[in-house]
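[1] I need the structure of the sequence given here:
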Amino acid sequence: MLGRLKSPKLLERAKLAAKQMSYFRLFSQNGTFEGLAASAKRAGFEMAYEDALQKVAGFRWAADGAQPDFIFLVSYENSDAVSVIAESQRDIFGLIMISHSHLPKIGIEVKRSLERYELGRNAHRFREILLTFPDFEAVAEELIRFQI
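    Predicted coordinates:
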């Protein structure tokens, strides 16, 4: 079964998404909102949204010129628990990665508000691949309902 989950293209995309999410997770633990935009740009992201008053910014991967798989929203609104929420696009549409600076793991789950037929054709396989990585875990439905 694991061989089926690890098609080379999906596996490489999942590794990149995990690396991107890990970047924002690490930055949320050690960085400041004021330094976020410049650091993200150096790391290969472009800013898609910013609300300086609410201390929230959105980013997408821009380094290789390809369509990004995830849009990342970083919120410093609660400085004790900085959150990173990433929503998937394209053929993996319907996945959400969630990280809070004070929690040890990155959650990955299917967005419950979507019907099964609305998910991207590779969403479930992509999620299963991410769950094989050590820093990822499935998210409880209650967390998704109250956080997203």
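[2] can you give me the helices in this structure?
    Secondary structure of the chain (DSSP state H): helices located at 2-5, 8-30, 33-43, 123-130, 141-147.
[3] what's the most buried one of these?
    helix 123-130 (a mean of 21; mean count of other CB atoms under 10 Å). C-betas here are computed from N, CA, C, even on glycine.
[4] just the CA coordinates of that one, formatted as PDB?
    Provided in PDB are the C-alpha atoms of helix 123-130 (Å, rounded to 0.1, in the frame of the first residue of the first chain):
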ATOM      1  CA  ALA A 123      -6.100  14.900  -1.800                       C
ATOM      2  CA  HIS A 124      -6.500  11.700   0.100                       C
ATOM      3  CA  ARG A 125      -3.200  10.200  -1.200                       C
ATOM      4  CA  PHE A 126      -1.300  13.400  -0.500                       C
ATOM      5  CA  ARG A 127      -2.600  13.400   3.100                       C
ATOM      6  CA  GLU A 128      -1.600   9.800   3.600                       C
ATOM      7  CA  ILE A 129       1.900  10.600   2.300                       C
ATOM      8  CA  LEU A 130       2.200  13.600   4.700                       C
END
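[5] please look at Ala14 and Leu130 and confirm they touch.
    Yes - counting by CB atoms under 8 Å, Leu130 is a contact partner of Ala14 at 5.4 Å.
[6] dump the residue contacts of the spatially most central residue of the chain.
    By CA atoms, centre = their mean, the chain has its centre lying nearest to Ala86, at 3.1 Å. Counting by CB atoms under 8 Å, 6 or more residues apart in numbering, Ala86 touches 17, 20-21, 24, 70-73, 96-98.
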